[in-house]
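A.B. asks: Quick one: sequence plus predicted model below, questions after.
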Amino acid sequence: MPDRVSLLDELRVQYESERRSTPGQAKGEGFQEIDTRLRKAFRWLEKAVAYLDGIKPSLNHRFDLGHGFVFDSPRFAHGYIGQHSSRIVGYPVVDEINIYYEIAAHQPLTIEVAPGGVELVEKSLEAVSLQYTSRRVEAMDGTVHKCVFSVPPAIQAAVMFRVDYQAGEVPVTLVNVDRFDRTTLMFHSTEIEEPVLEDLVRLMLGRDNAFLRRAALAGIHGQPPARS
């Protein structure tokens, strides 16, 4: 009888084969290096969000809904940061970092529209994740004269890192960060370093928009860019 390969040796060969083809290697950075970089970024951002939550700074941004409706004097109200992990070859790796925060404006908005404009206003508010209440104002004969929307002075914003270990890329999605908008920028994993994180926080505060020039635009309004 030929010598049988032990189960442990068989598993070792499969394991080493998997590691040689592990996502991230083709770009010159392995999955463990990417994971280490993302964990370091998380710790840095965790401290930054805690400081912002404590000092609640003003934000030098203009949140404009159009038609003259603008939230005045926005401030950082509160926020939190979380991460999600998955496994590659049995190792736990960070594949998401999410910052969610609320921006508080100076006062609520009141929007008055004719009955025919109600659907448009509703879609506009829901598209940027704004809460609202509405009431109908009736004329003496019972017909609807106008509709009044009350929008609380609270804007939901987010920054989401989604790690693509296969490509060695980190798409970063901004939601209502510097305006009412959803934009995705594509970074290489090696770019997620402290200077980039500093520019991100400066963008959140409205001090500088250098972060937007650091990477290629990968999508806007939740859609990928059109191919030429």
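C.D. replies: In hand now; what should we look at? Computed from a predicted structure; not experimentally measured. Residues are numbered from 1 along each chain as shown.
A.B. asks: Could I get the full set of helices for this structure?
C.D. replies: For the chain, the helices defined by DSSP state H occupy 7-20, 31-55, 118-127, 194-205.
A.B. asks: Using TSV, please lay out these together with mean neighbour count.
C.D. replies: Every C-beta, even on glycine, is put in place using the N, C-alpha and C of the backbone. Output for the helices of the chain, formatted as TSV (neighbours: other C-beta atoms under 10 Å):
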stretch	mean neighbour count
helix 7-20	10
helix 31-55	17
helix 118-127	14
helix 194-205	17
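A.B. asks: Please report the distance of the nearest residue in space to residue 93 that is not next to it in sequence from residue 47.
C.D. replies: Of all residues not flanking residue 93 in the chain, residue 35 sits nearest, at 4.1 Å (C-beta to C-beta, 6 or more residues apart in numbering). As judged by C-beta to C-beta, to the nearest Å, residue 35 and residue 47 stand 19 Å apart.
A.B. asks: Next: residue 199.
C.D. replies: 16 Å.
A.B. asks: thinking again about what came up before, was I right to think the residue nearest to residue 93 contacts residue 97?
C.D. replies: No - between residue 35 and residue 97 there is no contact, the gap being 11.6 Å when judged by C-beta atoms under 8 Å.
A.B. asks: got a list of what the residue positioned nearest the centre of the chain touches?
C.D. replies: Geometric centre of the chain, nearest residue: residue 159, 2.6 Å, by C-alpha atoms, centre = their mean. Residues in contact with residue 159 (C-beta atoms under 8 Å, 6 or more residues apart in numbering) are 98-99, 172-175, 177, 200, 204.
A.B. asks: how close does it get to residue 116?
C.D. replies: For residue 159 relative to residue 116 (C-beta to C-beta), the value is 37 Å.
A.B. asks: Could you list the low-pLDDT ranges of the protein?
C.D. replies: In the predicted model, the chain carries pLDDT under 70 at residues 1-5, 16, 18-28, 219-228.
A.B. asks: repeat that for 50
C.D. replies: 25-27, 222-228 (pLDDT under 50).
A.B. asks: okay, now the domains of it?
C.D. replies: 22-105+156-228, 108-152 (automatic domain parsing).
A.B. asks: Deepest-packed of these, please.
C.D. replies: Of those, the one with the most neighbours on average (mean count of other C-beta atoms under 10 Å) is domain 22-105+156-228, at a mean of 16.
A.B. asks: Run through the bridge partners of residue 100.
C.D. replies: Per DSSP bridges, the residues bridged to residue 100 are residue 80, residue 158.
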